[in-house]
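[1] the sequence and its predicted three-dimensional model are supplied below.
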Number of protein chains: 4
Amino acid sequence: MFKKRTDLALEARELWQESAEKTTRLSGVKASKQRSEGYPVNRVDILDERGEKALGKPRGTYRTIDLTTFWQRKADFFERAVRAVGGQLKELLPETGPVLVIGLGNRAMTPDAVGPLAADSVLVTRHLITAQPWHFAGFRPVAVQQTGVLGTTGVESAEAVRGLVAEVQPALVIAVDALASRRVGRVCATVQLSDTGITPGSGVGNHRAALDQETLGVPVFAIGIPTVVDAATLAADLLEESGITEIDEEKLRGNQQNLMVTPRDIDAQVRDLAKVVGYGINWALQDLEIEEINALLS
Amino acid sequence: MFKKRTDLALEARELWQESAEKTTRLSGVKASKQRSEGYPVNRVDILDERGEKALGKPRGTYRTIDLTTFWQRKADFFERAVRAVGGQLKELLPETGPVLVIGLGNRAMTPDAVGPLAADSVLVTRHLITAQPWHFAGFRPVAVQQTGVLGTTGVESAEAVRGLVAEVQPALVIAVDALASRRVGRVCATVQLSDTGITPGSGVGNHRAALDQETLGVPVFAIGIPTVVDAATLAADLLEESGITEIDEEKLRGNQQNLMVTPRDIDAQVRDLAKVVGYGINWALQDLEIEEINALLS
Amino acid sequence: MFKKRTDLALEARELWQESAEKTTRLSGVKASKQRSEGYPVNRVDILDERGEKALGKPRGTYRTIDLTTFWQRKADFFERAVRAVGGQLKELLPETGPVLVIGLGNRAMTPDAVGPLAADSVLVTRHLITAQPWHFAGFRPVAVQQTGVLGTTGVESAEAVRGLVAEVQPALVIAVDALASRRVGRVCATVQLSDTGITPGSGVGNHRAALDQETLGVPVFAIGIPTVVDAATLAADLLEESGITEIDEEKLRGNQQNLMVTPRDIDAQVRDLAKVVGYGINWALQDLEIEEINALLS
Amino acid sequence: MFKKRTDLALEARELWQESAEKTTRLSGVKASKQRSEGYPVNRVDILDERGEKALGKPRGTYRTIDLTTFWQRKADFFERAVRAVGGQLKELLPETGPVLVIGLGNRAMTPDAVGPLAADSVLVTRHLITAQPWHFAGFRPVAVQQTGVLGTTGVESAEAVRGLVAEVQPALVIAVDALASRRVGRVCATVQLSDTGITPGSGVGNHRAALDQETLGVPVFAIGIPTVVDAATLAADLLEESGITEIDEEKLRGNQQNLMVTPRDIDAQVRDLAKVVGYGINWALQDLEIEEINALLS
């Protein structure tokens, strides 16, 4: 069977349901839906080992915010998206303690740049609080790291983060990365939040070792934005829709190797979503209105 | 029948041959192959109205250099590519007279940036020759224009170029633009040269009105580099390869609208090819070795 | 006498007053002060040939908005600055007719990038009105041109603008450029508006031929932002302040040639002021609130 | 007495000699001159505590390569500069062991970007050697870190480097940073190498805590490139040259605060010198010709 690539728990569950076993019940996984600020939120909880095995992801909670309507630019679309992302994130995070935000990925490669770009919009406060504790008393300490990628640093993102965690000693890490989706409709239109850590490079790049509680010693919250579909996965979906079920994966992969499918205006979409995510992190961490965030970042 | 998108004359001919009429002979079109500096060169000449109608392109000569092996980075791959592109271009161009080089496309959108990036590597000499004619006597006058795109200028590329042609009065125009290919194997792996002018935005963007002898009053030579495949075209090809011949174009387009397929490392590939094209233009226009071009551009 | 460099009419008047002739009255020049949105506005009107000769600038009105307090970032500093610049500009401009906005200067050179960056924030509407006249009925047609600089285009800015004016046929041109100031306190802290056209490159660069009614055939309104002080001018001022009046200009220039004095964080200051100017142009041309401009530009 | 700012040991020695005490002998400091690849090299060795106190710098060797003639672009100017920088650096470094190269400074601020830009030209090999030790047997392991600046990370450069040193365990660190020079003639025209570590931010920025053997536990070699002159220092020099010796430092600083003097084309100069330094590091660390470095970096 052709193995379709996805980094979304939501889609891993869909793929499980589409597979031959869909007659049996998916154990160890709980799914639910809600809305936040007008945007649909899909929640998948992986509860135990059976769920982990079925979906191929570590146990924990995964929340996928559907921002499809963001691009219609209706009233307050930006503010609502920030509050949706920020509100869901806030529910996952411990309420206090210093935070290290990691922008994973390659700034020089558009679909992989969403992590670094999001980090650009995060309010950096750790040094201000250290320098003038009385003046910045109301802020939560936040540091930011942009790890770069293995090819330009020679260092795995996980190594670089571990080194900085030892120095900065945050209470938790938030890592932002680009993901691969299985459906083109979810590309640049969804944000997945989870409390399970992240294995960077599942998406566009290839930045392997996991960032999680085990490797870093502190809880790791992941924010992933699908920016590409693997071209072979898209092709396989198209063939299946046309009734072709016998797919020669090796042949299909061989032709489409190293190809990705993206929206035509991915540069603008990645930039806009990165800002939503950066602002959402500020919304979750600091006691500020969006206008105040604006003023502090300008 | 599904209409596959391509801007390559080479592929227009392939599509004609694949179509139902392939039993008849393609009249008004001549094709041939050669090699230049180790790279294959495919030549399609559209000779008359029948050829124009069959391939949907204006009459003239189209030369497609296959740079697939460029990416193996074997000995002198860059210099050979420059001489291949420059040599083919030189065969098309009038030997003397001032030149205006146009970088078409959107610098802020990776696959559409190849025109502006190529223009960055073109030796600009017009002002030097005007200022110090004796000192720059050996050089051919070259001016460069980066038109930007309609969305950020409010002006069609063709209008902008026409305005500058009236001021600069070049003997000829060379326009560089991104193209759409039908085959993923040709993306970032081919360069098409023609003496027929160009309708910008056939590729990634949408910069419509033609640049040609008729609209500009001087001959227009086009250099096109395929940087994307239309996702629906890729899908249609895949379905056909799997034996599905009845394709509902509207449905297929509907799903994949505004999607493009690109290589994963398109940022680097576009940058490298743009440099090849820019240097190739210098090679064709100036009496310089590649090392001399290097020194003048640094 | 050492010739101090300035592009501000305000400073040309100051220099005249400091000069030996300061005992005589400055004829043909009228000066006045006002405030706009909390920012001081200094107005110098050159009325006739005597004024032109005394200040070395063409007759017309010059308004310099003092944005020094902008950097204190007090309440609504951005919105007030936009309204101050936009309001002053609106007083100068004809009320109707299509507009061509020119971003002069070199985007790759920080202090010279203020023109291109301002142009990035201008709402481009010409093509939208052409395509959907009913939908964009309320907007004034605006096109934007970024001319680049002689060294990278081979074409004088004035030639390039003249070519486009012939195609686009605007009722007026607004040109934005970097200036040189004589006082460090005015660098990145003032905006000069005038109805006299502009000779580009007086500031950082060297983009000579004038853009004015005479060369372009339509009125040209200039917006200039001082981003540098000529190092020799700064030095001469310092020496004078210390009581040294005999300054060997050649020697002073010889040492400081090609040096400029800028604020340490010029990259950020240029970016912020360019946005003020771009928004100010929108404020003057379109019937929109700042929030609406924000939404249209995002 | 006005305290003139410089980060060059060479200039610290000059200032000492210009000072009142110039009649006494400068103890604990040895100076000498040589040439490398046609470029003058000035060597200052601080031998003991007396030398440290006199020059205000830690003991060690400081070599300043004078690249003034680089800008004349005579035969092989680039290759010779690379070999001059690389050759001097090689003399300082241990012959074997893994290396961590640090690009200090702010990429978004032109005169402070020389460190990050130099790091972009360094061959990164650590991950390749780990992945394919047999294939990359001839290379020395090199990792690269771009620390960013306190304002955008919340973390001191020294903290960030210490964290990564603990993970990567290099035998030595090479840190590249922008410096302030006292003489405009040395700006973008000299490179200082030393074996003493570095206190970042002496130059343009403000990235305080030292990187040296004491704080990092491994030897730290510094490469500094002057890209600015403090405006007040320039002013003081000018006043002194004009015979004014009583300078009110507070008043002079007050006026020129936060101003810097740079060459007009600093963007291009910083980019070119950063490449020289990056290539020089490769020359010192790897057994490669410059052409081979070129091919590996492209």
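    Everything's here; your move.

[2] mind listing what A:Leu285 touches?
    The neighbours of A:Leu285, taking C-beta atoms under 8 Å, 6 or more residues apart in numbering or on different chains as the test, are A:93, A:99, A:123, A:140, A:142. In this view, the C-beta of every residue, glycine as well, is placed from N, C-alpha and C.

[3] tell me the one of the residues you listed nearest chain D?
    Ranked by distance to chain D (C-beta to the nearest C-beta), those are led by A:Val142 at 6.4 Å.

[4] one step back: of the contacts of A:Leu285, which belong to strands?
    Assigned to strands by DSSP state E, the following of the contacts of A:Leu285 qualify: A:99, A:142.

[5] okay, among the contacts of A:Leu285, which ones form the most distant pair?
    A:Leu93 and A:Leu123 (15.2 Å; C-beta to C-beta).

[6] contacts for stretch A:65-72?
    Taking C-beta under 8 Å, 6+ apart as the rule, stretch A:65-72 contacts A:36, A:38-42, A:77-78, A:81, A:84-85, A:88, A:185-186, A:189-193, A:269, A:272-273, A:276.

[7] mind giving me the ChimeraX select for those residues, buried ones only?
    To isolate the buried members of these in ChimeraX, using 16 or more other C-beta atoms under 10 Å in any protein chain shown:
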select /A:36,39,40,41,42,77,78,81,84,85,88,186,189,190,191,192,193,269,272,273,276
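
[8] and the stretch 151-298 of chain A, which residues reach chain B?
    A:184, A:204, A:231, A:234-235, A:238-239, A:242, A:244, A:252, A:255-256, A:258-268 (C-beta under 8 Å from any C-beta of the partner chain).

[9] do that again at 6 Å, thanks
    Where the stretch 151-298 of chain A comes near chain B, counting by C-beta under 6 Å from any C-beta of the partner chain, the residues are A:184, A:231, A:235, A:238-239, A:242, A:244, A:258-261, A:263-264, A:267.

[10] now for those residues: which two are most distant?
    Spatial extent of these (C-beta to C-beta) is set by the pair A:Ile244 and A:Asp267 at 34.2 Å.

[11] the longest helix in chain A is where?
    helix A:266-285 (DSSP state H).

[12] does A:Glu52 sit in a helix or strand, and which one?
    According to DSSP states H and E, A:Glu52 maps onto helix A:49-55.

[13] meant to ask about A:Ala12
    Going by DSSP H and E, A:Ala12 is in helix A:9-18.

[14] buried set for that helix?
    A:9-13, A:15-16.

[15] nearest to chain C, of those residues?
    For the buried residues of helix A:9-18, the nearest to chain C is A:Leu10 (27.9 Å; C-beta to the nearest C-beta).

[16] which residues touch the closest one?
    A:42, A:44, A:64 (C-beta atoms under 6 Å, 6 or more residues apart in numbering or on different chains).

[17] wait, which of the residues you listed is closest to chain C?
    Once C-beta to the nearest C-beta is applied, the member of the contacts of A:Leu10 that ends up nearest chain C is A:Thr64, at 24.1 Å.

[18] can you verify that closest one is assigned to a strand?
    Yes: residue state for A:Thr64 (DSSP: H, G, I helix; E, B strand; the rest coil) corresponds to a strand.

[19] that one bridge partners, please.
    In this entry, A:Thr64 is beta-bridged to A:Asn42, A:Gln192, by DSSP bridges.

[20] doesn't A:Thr190 make contact with it?
    Yes: between A:Thr64 and A:Thr190 there is a contact under C-beta atoms under 6 Å: 5.4 Å.

[21] what about A:Ile244 and A:Asp267, which has more around it?
    Legend: neighbour count by other C-beta atoms under 10 Å in any protein chain shown for A:Ile244 and A:Asp267, higher for A:Asp267 (20 against 15).

[22] tell me which stretches of the stretch 1-150 of chain A form strands.
    A:29-36, A:39-46, A:60-66, A:99-103, A:142-146 (DSSP state E, counting those that start in this stretch).

[23] sheet partners, orientation included, of the fourth one?
    As defined by DSSP bridges, the strand partners of strand A:99-103 come to strand A:142-146 (parallel), strand A:172-181 (parallel).

[24] quick one, the shortest one and helix A:266-285 angle?
    When axes from the mean of the first three to the mean of the last three C-alpha atoms, to 10 degrees is applied, the directions of strand A:142-146 and helix A:266-285 differ by 150 degrees.

[25] for strand A:142-146, which outside residues touch it?
    Contacts of strand A:142-146 (C-beta under 6 Å, 6+ apart): A:99-103, A:116, A:119, A:122, A:124-126, A:164, A:168, D:153-155.

[26] one more time with 7 Å
    With contact meaning C-beta atoms under 7 Å, 6 or more residues apart in numbering or on different chains, strand A:142-146 is reached by A:99-103, A:116, A:119, A:122-126, A:161, A:164, A:168, A:285, D:148, D:152-155.

[27] show me how far the worst-scoring helix or strand of chain A on mean pLDDT is from its chain's centre.
    Least confident helix or strand, chain A: helix A:249-256 with a mean of 71, by mean pLDDT, DSSP states H and E. Helix A:249-256 has its C-alpha centroid displaced from the chain centroid by 27 Å (C-alpha atoms, centre = their mean, to the nearest Å).

[28] what's in contact with the helix or strand following it?
    As assigned by DSSP H and E, the chain's next helix or strand after helix A:249-256 is strand A:259-263. Outside strand A:259-263, the residues that touch it by C-beta under 7 Å, 6+ apart are A:111, A:184, A:187-188, A:204, A:227-231, A:234, A:269, B:184, B:231, B:258-264.

[29] neighbouring strands - and their directions - for strand A:259-263?
    Partners of strand A:259-263 in its sheet, by DSSP bridges: strand A:220-230 (antiparallel), strand B:259-263 (antiparallel).

[30] so A:Leu296 touches A:Val124, yeah?
    No: between A:Leu296 and A:Val124 there is no contact under C-beta atoms under 7 Å: 10.0 Å.

[31] so between the two, which is more surrounded?
    A:Val124 (21 against 15).

[32] ok, that one to A:Leu297 distance?
    When distance is defined by C-beta to C-beta, to the nearest Å, A:Val124 is 10 Å away from A:Leu297.

[33] what touches both of the two?
    By C-beta under 7 Å, 6+ apart, no residue touches both A:Val124 and A:Leu297.

[34] quick one on the thing from earlier: now the strands of the stretch 1-150 of chain A in TSV, with mean pLDDT?
    Converted to TSV, these look like this (pLDDT from 0 to 100):
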stretch	mean pLDDT
strand A:29-36	96
strand A:39-46	97
strand A:60-66	98
strand A:99-103	98
strand A:142-146	97
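
[35] deepest in the core, which of those strands is it.
    strand A:99-103 (a mean of 28; mean count of other C-beta atoms under 10 Å in any protein chain shown).

[36] contacts for that one next, please.
    A:115-116, A:118-119, A:122, A:140-147, A:161, A:164-165, A:168, A:170-176, A:281, A:285.
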